[in-house]
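>>> Build me a model from this:
(one chain, ligands or ions: 1)
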Amino acid sequence: MSSSTITPWVVGNWKMNPMQADAFQLIEEFKQLLQQQEIPSERCHIGVAPTLIALTNIQAQLKDANRTIFTVAQDLSKVSGTGAYTGEVSAELLRDSQIAFVLIGHSERRELFGDDAETVKAKLHNALNADLKVIYCVGESLEQREQGVAEQVVLQQICDIASVVKTEQWQNIVIAYEPIWAIGTGKTASPADAQAMHVKIREGLKQITTWGANIAILYGGSVKAENAVELAACPDINGALVGGASLNAQSFYQIASAFAQK
Ligand code: PEP
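Numbering: from 1, shown residues only. Model (predicted):
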């Protein structure tokens with residue numbers, strides 16, 4: 001499979017947004033846009049990652065969409081199963097609520113909530129062992145980019161997880177390359193820079209796993225309707241993880257549409 005034959009993914013990361021009524025409206029508008037002009041599931045996988053409290057409501061609301069839209073958890077516990085862990089939600093509890101996807105390693109979790117490499121590995125191990133599919137986020141800081149170590153940092157983040165992913169589990173992983181300096185800042189990596197990093201990630205994945213050629217590698221960092229076509233045109237960018245622009249139904253639709261035409 002060449003990178004261009006991987007079905008693209010467009011996933012909206014809602015972060016700690018929006019209020020319930022706005023979330024309801026956003027999904028209704030998005031479903032209507034899909035109704036007016038379909039984006040076939042085989043052209044682009046689409047997912048949304050609402051807050052934990054909204055996950056099952058949004059999942060129910062998406063049931064009558066004219067295509068599959070996955071509901072994605074933004075995080076999960078480093079502890080598995082059930083038990084006395086106040087405030088935590090495990091992989092098994094997500095699975096029990098039919099949530100089949102989870103984001104792991106988002107830079108906001110790494111930077112603001114102390115998710116170090118060990119924590120990320122534990123979360124990934126739990127998610128994969130509960131048969132969840134994982135969108136694993138990697139990315140360098142501005143300082144690391146300026147020091148010329150961006151590639152090294154990103155490849156290390158990928159190597160970090162190699163010890164916990166069993167051979168057959170690689171097919172349940174999607175990578176999201178999100179340079180930290182481009183998240184929520186309005187600064188997008190240039191398509192050429194993003195493409196170059198995606199090539200390196202692909203090379204790294206191929207060395208780690210025989211599934212390496214098939215893994216979707218998404219770009220994230222200020223993706224919007226205005227830059228989606230250009231990013232989608234890059235041969236090794238297999239989709240987008242979208243923050244801010246996913247809170248607007250029209251923008252999110254246009255981004256998905258751009259990748260569906262890839
Ligand atoms: C993100 O949080 O994953 C993200 C890419 O955010 P934004 O699109 O707002 O930069």
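
>>> Contact residues of the stretch 51-200 of the chain facing the ligand?
Within the stretch 51-200 of the chain, the positions adjacent to the ligand are Glu178, Ile183, Gly184 by CB under 6 Å from any ligand atom. In short, each C-beta sits where N, CA and C put it, glycine included.

>>> can you do 8 Å?
Leu103, His106, Ser107, Glu108, Cys137, Ala176, Glu178, Ala182, Ile183, Gly184, Thr185 (CB under 8 Å from any ligand atom).

>>> okay, the residues you listed in TSV with secondary structure next?
Output for those, formatted as TSV (DSSP: H, G, I helix; E, B strand; the rest coil):
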residue	secondary structure
Leu103	strand
His106	coil
Ser107	helix
Glu108	helix
Cys137	strand
Ala176	strand
Glu178	coil
Ala182	helix
Ile183	coil
Gly184	coil
Thr185	coil
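
>>> Lowest pLDDT pick from the residues you listed?
For these, the minimum pLDDT belongs to Gly184; the value there is 87.

>>> Buried subset of the residues of the stretch 51-200 of the chain next to the ligand, written for ChimeraX?
Buried members of those, defined by 16 or more other CB atoms under 10 Å, are picked up in ChimeraX with:
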select :103,106,107,108,137,176,178,182,183
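
>>> Would you format the residues of the stretch 51-200 of the chain next to the ligand as TSV with distance to Thr119 included?
Below are these laid out as TSV (distance: CB to CB, whole Å):
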residue	distance to Thr119
Leu103	14
His106	12
Ser107	14
Glu108	14
Cys137	13
Ala176	18
Glu178	18
Ala182	24
Ile183	19
Gly184	22
Thr185	25
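
>>> For the residues of the stretch 51-200 of the chain next to the ligand, work out which two are farthest apart.
Leu103 and Thr185 (19.1 Å; CB to CB).

>>> Averaged pLDDT, stretch 64-72. What do you get?
Averaged over stretch 64-72, pLDDT sits at 98.

>>> Which positions within that stretch qualify as buried?
Residues of stretch 64-72 classed as buried by neighbour count (16+ other CB under 10 Å): Arg67, Ile69, Phe70, Thr71, Val72.

>>> Let me know the closest of these to the ligand.
Nearest to the ligand, judged by CB to the nearest ligand atom, of the buried residues of stretch 64-72 is Val72 at 11.3 Å.

>>> Does the closest one touch Leu103 like I think?
Yes - look at Val72 against Leu103 with CB atoms under 8 Å: they come within range, at 6.2 Å.
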